[in-house]
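>>> Got a predicted structure plus its sequence, pasted below:
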Amino acid sequence: MPSTRAEFHETATLIPVAQHLARVLRAMGDLAARRAGDDVEHVRLADAAGRTLAASVDARLASPPFDNSAMDGFAVRWADVAGATPEHPVALRVVDDHAAGAAGVADAAPLGPGEAARIMTGAPVPPGADTVVPVERTDGGATVQGDHAQRVAIFSTPDRGRHIRRAGEDLRVGDRVLEVGTVLGARQVAGAATAGHATLPVTRMPRVSVVATGSELAEPGEPLGPGHIPDSNSLLLAGLVREAGCLVAEVVRMPDDAEQLRTWLAERQPCDAVVFSGGVSVGAYDVVRRVLGSGESGAVEFVRVAMQPGSPQAFGVLADGTPVFGLPGNPVAVAVSFEVFVRPALLALQGRCDVRRRRVLAQVASGWASPAGRLQVMPVSFVTPDADADADADADAASDAGSASPAESPTGPTGLPRVRPAASGGAGSHLSGGLAGADGFALVPEHLASVAPGDTVEVLVLP
Ligand SMILES: Nc1nc2c(c(=O)[nH]1)N[C@H]1C(S)=C(S)[C@@H](COP(=O)(O)OP(=O)(O)OC[C@H]3O[C@@H](n4cnc5c(N)ncnc54)[C@H](O)[C@@H]3O)O[C@H]1N2
Ligand code: MOO
């Protein structure tokens, strides 16, 4: 129970992360449903990476499309070679030679008793053959020259049917290859090619506008005026938008000036979502809150979420129905807010079936404090084997024991990977430089005020 009025005010107004996310995803679900239909494009397989499937894909071709050899060797009739040994090889007449891609194999005369065909990996199995003997188990036979048949000695017998890859054992015509909502990567595109497709139906890539607000913001690399800082959030957000499979409609940096924001809102490029950074808190110049919170440009709600960093959040729609996010300006808060709310929303807008990031359990290598009552989303890095080696060297130098500090081992006694805060400064939401070393975000539940070495935490793994 909160003990003071101030504390009560703080905790009473915090919305659980799951509740805010559910609200965002509900709104995105409605938008995606409205977009469905007009939003399908057909792209060539070579252009499909990173796109989201708009419809499930079934096999048009069997895989393999025909029975073929898994080995370079000789296609035989098993009954002819059963019992062959090095001491008592079986000699067969080589009547044909089949390379991968060979035409006409299916029409060849069936192998007769005592006959074999030389065959290469991937070549169709000729009629009559039921087994392939790898070349290593033969004397190698001899090349067929013209129609002068040669002989091959078989030294041992595989099981009947061995080394033949059967038509359809991977996919039969009509088998489901890819589910609607799947994000297409190299493996999925290759699977579609195998299944006989040349193009795939994908959802249109949402276009997202990024607006960084703040009178202190300067172009990165330019000399800084007094009180100015390089604008890192524009780059962060534009990059995260692209990583989430979207196109960047425009990137805008503007000072804390309500008139400039109103002008931009009136003249902006058409897009599917807008993401603001900065100006959502309670500061005197918090321009996003002032303009969007007034209701003059749409319906945007400003809330405080039980999360650290990234507590102040804005979400809603602009006057034309475009969804809009207002993220708190601190760079780590931007990264975390994007990860927790915006990325799932943009994936949902694309029709992705899975909007969750992969999670792993990890063991804390060096502890940190966490604000009780809020979900802490802490940038962490995995302890690497290199760090282990460095620690070994340090330990060697410091003592004769020469063993690595347990805190530096890449896995803990449980076999879980170990994590430590990515920023040497800890959990501050301004530690933008430290964010660059993050491999993931550790999720520290609301009821904890700290984590200690050896504790287990769940980590969202970044690509
Ligand atoms: N009285 C209170 N003050 C603040 C509260 C609060 O509850 N009461 N919350 C704090 C928290 S937590 C956050 S997060 C920030 C969020 O404020 P804003 O969204 O209004 O963000 P700004 O004030 O515009 O900026 C915060 C911080 O981030 C830096 N920044 C902003 N944009 C960029 C950019 N594009 N690139 C790099 N850095 C950026 C900015 O210079 C500020 O230092 O409010 C706290 N205050
Ligand atoms: O939400 Mo703020 O990000 O804690 O700094």
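Nice, I can see it. Ligands and ions are numbered 1, 2, ... in the order given.
>>> quick one: contacts of the lengthiest helix in the chain?
Counting residues, the longest helix in the chain under DSSP state H turns out to be helix 17-35. Applying CB atoms under 8 Å, 6 or more residues apart in numbering, the contact partners of helix 17-35 are 203-204, 272, 303, 305-307, 313, 315, 317, 321, 323, 340-341, 344-345, 348-351, 355, 375. Every C-beta, even on glycine, is put in place using the N, C-alpha and C of the backbone.
>>> Who are the contact partners of residue 111?
Residues near residue 111 by CB under 8 Å, 6+ apart: 75-77, 95, 117, 126-129.
>>> Reformat the residues you listed into TSV and put pLDDT next to each item.
TSV is the format used below for the contacts of residue 111 (pLDDT from 0 to 100):
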residue	pLDDT
75	97
76	98
77	98
95	93
117	96
126	96
127	96
128	96
129	98
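>>> Residue numbers of the stretch 251-400 of the chain in contact with ligand 2?
On the criterion CB under 6 Å from any ligand atom, ligand 2 has as its neighbours in the stretch 251-400 of the chain the residues 308-312, 328, 330, 333.
>>> and of the residues you listed, the nearest to residue 438?
For those, the minimum distance to residue 438 (CB to CB) is 12.8 Å, reached by residue 309.
>>> What residues sit buried inside the longest helix of the chain?
By neighbour count with 16 or more other CB atoms under 10 Å, helix 17-35 contains the buried residues 17, 20-21, 23-25, 27-28, 31-32, 35.
>>> among the contacts of helix 17-35, which ones are buried?
Neighbour-count burial (16+ other CB under 10 Å) applied to those gives 203-204, 272, 303, 305-307, 313, 315, 317, 323, 340-341, 344-345, 348-351, 355, 375.
>>> Check what contacts stretch 166-178 and list those residues.
Outside stretch 166-178, the residues that touch it by CB under 8 Å, 6+ apart are 53, 56-67, 184, 188, 191-192, 194-195.
>>> can we see that at 7 Å?
Surrounding stretch 166-178, the residues in contact under the criterion CB atoms under 7 Å, 6 or more residues apart in numbering are 53, 56-67, 188, 191-192, 195.
>>> Could you find the closest non-adjacent residue to residue 207?
If the residues on either side of it in the chain are set aside, residue 207 comes closest to residue 249, at 4.0 Å by CB to CB, 6 or more residues apart in numbering.
>>> quick one: contacts for the one you found?
207-209, 269, 271.
>>> so where do the strands sit in the stretch 251-400 of the chain?
Counting by DSSP state E, counting those that start in this stretch, the stretch 251-400 of the chain has these strands, from start to end: 273-277, 298-305, 307-308, 312-318, 323-327, 359-364, 368-369, 375-382.
>>> So for the second one, what gets flagged as buried?
Going by neighbour count (16+ other CB under 10 Å), the buried part of strand 298-305 is 298, 300, 302-305.
>>> swap in the last one?
Buried residues in strand 375-382, defined by neighbour count with 16+ other CB under 10 Å: 375-382.
>>> still on that earlier bit, and the contacts of residue 111, which is closest to ligand 1?
For the contacts of residue 111, the closest approach to ligand 1 (CB to the nearest ligand atom) belongs to residue 75, at 67.1 Å.
>>> does residue 40 really touch residue 201, like I thought?
Yes: between residue 40 and residue 201 there is a contact under CB atoms under 7 Å: 5.2 Å.
>>> Looking at those two, which has the bigger crowd around it?
Neighbour totals were compared for residue 40 and residue 201, and residue 201 leads with 18 against 15 (other CB atoms under 10 Å).
>>> Which other helices and strands does the helix or strand harbouring the more buried one contact?
Element membership for residue 201 (DSSP states H and E) is strand 199-203. Packed against strand 199-203 by the contact rule (3 or more CB pairs under 7 Å, 6 or more residues apart in numbering; DSSP states H and E) you find strand 40-44.
>>> Name the strands paired with the strand it packs on and say parallel or antiparallel.
If you go by DSSP bridges, strand 40-44 pairs up with strand 199-203 (antiparallel).
>>> Which strands border the helix or strand following the strand it pairs with, and is each parallel or antiparallel?
As assigned by DSSP H and E, the chain's next helix or strand after strand 199-203 is strand 207-213. Within its sheet, strand 207-213 is paired with strand 247-254 (parallel), strand 273-277 (parallel), according to DSSP bridges.
>>> Turn these into TSV, including distance to residue 367 and mean pLDDT.
Output for those, formatted as TSV (distance: least, CB to CB, whole Å; pLDDT from 0 to 100):
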stretch	distance to residue 367	mean pLDDT
strand 247-254	38	98
strand 273-277	30	98
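>>> ranking the ones you listed by burial, who's on top?
strand 273-277 (a mean of 27; mean count of other CB atoms under 10 Å).
>>> So is it next to ligand 1?
Yes: using CB under 6 Å from any ligand atom, strand 273-277 reaches ligand 1 at residue 277.
>>> got the angle for that strand vs strand 323-327?
Calculated by axes from the mean of the first three to the mean of the last three CA atoms, to 10 degrees, strand 273-277 forms an angle of 10 degrees with strand 323-327.
>>> pull the CA atoms of strand 273-277 into CSV?
Extracted in CSV, the C-alpha atoms of strand 273-277 (Å, rounded to 0.1, in the frame of the first residue of the first chain):
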residue,chain,number,x,y,z
ALA,A,273,1.7,5.4,-38.7
VAL,A,274,3.5,8.3,-37.1
VAL,A,275,6.1,7.9,-34.3
PHE,A,276,7.1,11.0,-32.3
SER,A,277,10.0,11.2,-29.9
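>>> so that strand versus strand 298-305, what angle?
Relative orientation of strand 273-277 versus strand 298-305 (the same axes, to 10 degrees): 50 degrees.
>>> Show me the contact partners of strand 273-277.
Here strand 273-277 has contacts from 206, 208-213, 233, 237, 288, 318, 322-327, 329, 334, 342, 346, 349, using CB under 7 Å, 6+ apart.
>>> roughly how far out does that strand sit from the chain middle?
Taking CA atoms, centre = their mean, to the nearest Å, one finds the center of strand 273-277 at 23 Å from the center of the full chain.
>>> Now do it and helix 17-35, the angle between them.
Put simply, strand 273-277 runs at 150 degrees to helix 17-35, going by the same axes, to 10 degrees.
>>> Same question for stretch 209-219: list its buried residues.
Buried residues in stretch 209-219, counted by 16+ other CB under 10 Å: 209-214, 216-218.
>>> rounded to a whole number, what's the mean pLDDT of that stretch?
Stretch 209-219 shows an average pLDDT of 97 in the prediction.
>>> ends of that stretch, how far apart?
Using CA to CA, to the nearest Å, the end-to-end distance of stretch 209-219 comes to 18 Å.
>>> near ligand 1 at all, that stretch?
Yes: contact between stretch 209-219 and ligand 1, assessed by CB under 6 Å from any ligand atom, occurs at 212, 214, 216-217.
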